[in-house]
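>>> Below: sequence and its predicted model.
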Amino acid sequence: MLRRQEDTYKHKGARAKLIAELEQKGIADKSVLQAMNKVQRHYFLDAALDKFAYEDVAFPIGNDQTISQPYTVAFQSQLMQIKKLDKVLEIGTGSAYQATVLAELGAQIYTIERQKELYEKNILGYPFKGKYPMLKFFYGDGFKGLPTYAPFDKILITAGVSMVPEKLLEQLKPNGIIVLPLGEEDKQIMTRITKLPNGELQTESFGEFIFVPMLEGVNPKG
Ligand code: SAH
């Protein structure tokens, strides 16, 4: 994959337009909008897609996976209510665009990918090498979380799940939140669950989204 690594006036203009569009679609959190205005989405895409990088659509990134639609990234980032130095676990690194937006918001990000090739692509070719020392990549099964680094303030799942993975709830701090697209293959409801100090779970539901499914186990060949 060939990536374009310069940020021209055209890119900046297209990005500013995208941010205005996200605001119009209801994204109100200024810090999220600002972070997305800083992170060059075209650096995560093949150069062939360069001129579409700031359209509000998802794109293929190889290995049958996609880079999420900007609106979805904005929506999830907003629900995460990131504070500086929040310790965040992300399931489904994919292109690492979402992880980078959270890192730009000041979070410490631990992101897991089950597909080895996608993981290696980020280890070798992450476009902002050295810029976000608090962003760390892991290869593994997100259903298991990262017990060595737990507990987390917040967890974000960027693949569709039919139920809340038990091990992830265990790795959440009291008052921690988990944001996840919850539902069936063809459609999920964006959900935020807060783990109250007494262990009770408080659930809030937001709009409908469509994600690729969260799959069990790792894929060493993809
Ligand atoms: N956050 C990504 C988009 C994710 S697409 C971005 O910003 O581009 C969903 C990703 O979740 C895919 O890369 C898929 O391989 C990964 N995935 C699916 N099931 C997983 C699991 N059990 N553990 C870790 N990653 C998983």
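Yes, it's here.
>>> And the next helix or strand past the worst-scoring helix or strand of the chain on mean pLDDT?
Scoring the helices and strands of the chain by mean pLDDT, DSSP states H and E places strand 59-62 at the bottom, with a mean of 84. Using DSSP states H and E, the helix or strand that follows strand 59-62 towards the C-terminus is strand 65-67.
>>> how about that next one, does it reach the ligand?
Yes - judged by CB under 6 Å from any ligand atom, strand 65-67 and the ligand are in contact via 65-67. For the C-beta atoms, the positions are set from N, CA and C on the backbone; glycine is no exception.
>>> residue contacts, Leu33?
Contacts for Leu33 (CB atoms under 8 Å, 6 or more residues apart in numbering) come out as 19, 22-23, 27, 74.
>>> What parts of the protein come near the ligand?
65-68, 91-92, 94-95, 97-98, 112-115, 118, 141-143, 158-159, 212, 214-215.
>>> quick one: which of the residues of strand 65-67 next to the ligand is most hemmed in?
Counting by other CB atoms under 10 Å, Ile67 has the largest number of neighbours within these, with 22 neighbours.
>>> May I ask which helix or strand encompasses the residue lying closest to Ile27 once chain neighbours are set aside?
Nearest non-adjacent residue to Ile27, counting by CB to CB, 6 or more residues apart in numbering: Ala74, 4.4 Å away. Counting by DSSP H and E, the element that carries Ala74 is helix 70-80.
>>> again with Leu118
Using DSSP H and E, the element containing Leu118 is helix 116-125.
>>> Can you name every helix or strand that that helix contacts?
strand 59-62, strand 135-139 (3 or more CB pairs under 8 Å, 6 or more residues apart in numbering; DSSP states H and E).
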